[in-house]
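Undergrad: missing the sequence, but the structure's below:
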């Protein structure tokens, strides 16, 4: 990979360490989805743009390198392995190893493409190094070749988020991993303990159970998937438990003790103390803003109580020429939200300035367990809490001919409709291909039409999408 040469404008830093000073119209700190999409757009408007990325292994951002792409690649391979018969420990380890190799090849390919897309653009300079604010308009970038002082009229913070590590004695042990580190775990653990029952924890639980690990999920809270519809959550728990995953709610990890080739977890439960043996421990207890070392104080940029960069509905910080996009601003931590942040900035900077985060209604999401869970809109409980009178319908995935063809008949669908307006308020699908089907429903909900329009829409057969017809047809 070649890098563009900077013009040599030097300022003196000490006696023997010259600093290159470079001026840009726009500086983007971080190579995430929003930033890497914003950079070429700004360059096409005639702006001189710089993109700073801390590590060559993160060109393209979290999603491509340590998030969506590698985890979903492993989830796909895990599903295939789980459907095969006669898999002994050696066979599963070999297949797990091949899955890791294929994941790495995919990530390397996409990382290179992302770097080249920006580095080859004549209006963009990619700087690989650590960024820190020196003043509201100046960012110091420490690179292998030296120090660059980048001055910019507009600055965009796009540094993403990183795993939160709770204060547990022994959490820095050699057999304890974050979600990032887990992606490079070469040996398939026979016993995997996961601290945290959120979406990340559940995805990894499903992945490793599919490869043959004995998985135990430890959740401090007393309710499984508290934000989900209760009927759907119960179905998810039942299906995952049938795959061998154990869930221990109201269980706190008090200490992690390293042993020779394994670890022992000391647990605090309503029934007293207990212990759990594991070969590997995944810590999946949430994510926090990746702002360490940015020196936001020098720029005067405010953060929230949770440490995320504070922004308004246009993604502008309290400093008018500085914006924050993607996970670092504390919004929903999805790649497609980061992409929508780009759309907002495009509209605010070069459009009619009407688009804001307030326009985000009915944002879908998917959890790539096996089978995947997808949801958009309100759950029944949320709709009732908001004062709606509702009508609901449920449909088991076994009702789908396509699901039977795919031999993936586990799961449940549910729809929530406003009884007064007949508008679709929410849709949840726990079943095969739900991550695709939910997008159809999301687009429809944006239209505000009565649910009967979608109920009577023609879909291909056999398909998972046609289950929408049957589900909504069950609403009385």
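TA: Okay, I see it. A quick note: this is a predicted structure, and the numbers were derived from the prediction, not measured.
Undergrad: And the strand or helix carrying residue 253, how far out from the chain middle?
TA: Applying DSSP states H and E as the criterion places residue 253 in strand 252-258. Chain-centre distance of strand 252-258: 27 Å, with C-alpha atoms, centre = their mean, to the nearest Å.
Undergrad: Kindly report the same for stretch 464-471.
TA: On C-alpha atoms, centre = their mean, the centre of stretch 464-471 falls 27 Å from the chain's centre.
Undergrad: center of this structure - which residue?
TA: residue 334 (4.7 Å; C-alpha atoms, centre = their mean).
Undergrad: After the longest helix along the chain, which helix or strand is next?
TA: Among the segments of the chain that qualify as a helix by DSSP state H, the longest is helix 89-119. Where DSSP H and E defines the elements, the next helix or strand beyond helix 89-119 is strand 124-135.
Undergrad: Does anything pack onto that following strand? Which helices or strands?
TA: strand 19-29, helix 33-44, strand 49-53, helix 89-119, strand 138-143, strand 146-157, helix 296-299 (3 or more C-beta pairs under 8 Å, 6 or more residues apart in numbering; DSSP states H and E). All C-beta atoms are positioned from the backbone trio N, CA, C, and that covers glycine.
Undergrad: List the neighbouring strands of that strand plus their orientation.
TA: strand 49-53 (parallel), strand 138-143 (antiparallel) (DSSP bridges).
Undergrad: Tell me which residues are up against the shortest one.
TA: This means strand 49-53. Strand 49-53 has contacts (C-beta atoms under 8 Å, 6 or more residues apart in numbering) with 22, 24-31, 35-36, 39, 42-43, 59, 118, 123-129, 131, 139, 141, 150, 152.
Undergrad: Run the chain-centre distance for that strand.
TA: Once both centres are worked out by C-alpha atoms, centre = their mean, strand 49-53 turns out to sit 22 Å from its chain's centre.
Undergrad: Mean confidence (pLDDT) on that strand, please.
TA: Mean pLDDT, strand 49-53: 98.
Undergrad: so it versus strand 146-157, what angle?
TA: 100 degrees (axes from the mean of the first three to the mean of the last three C-alpha atoms, to 10 degrees).
Undergrad: what about stretch 132-139, average pLDDT?
TA: 98.
Undergrad: can you give me the end-to-end distance of it?
TA: This stretch, stretch 132-139, spans 5 Å end to end (C-alpha to C-alpha, to the nearest Å).
Undergrad: Stretch 120-127 now?
TA: Termini of stretch 120-127 sit 13 Å apart (C-alpha to C-alpha).
Undergrad: where does the stretch 351-476 of the chain have low pLDDT?
TA: Judged against pLDDT under 70, the stretch 351-476 of the chain has no low-scoring part.
Undergrad: Break down it into its helices, ranges please.
TA: 380-385, 401-406, 434-447, 451-455, 467-473 (DSSP state H, counting those that start in this stretch).
Undergrad: Please render these as TSV that adds mean neighbour count to the earlier fields.
TA: TSV is the format used below for these (neighbours: other C-beta atoms under 10 Å):
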stretch	mean neighbour count
helix 380-385	16
helix 401-406	16
helix 434-447	18
helix 451-455	19
helix 467-473	20
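Undergrad: Any idea which of those gets closest to residue 187?
TA: helix 434-447 (29.6 Å; C-beta to C-beta).
Undergrad: what sits up against that closest one?
TA: Helix 434-447 is contacted from outside by 361-364, 366, 368, 371-377, 411, 423-424, 427, 429, 453-454, 464-465, 467-468, using C-beta under 8 Å, 6+ apart.
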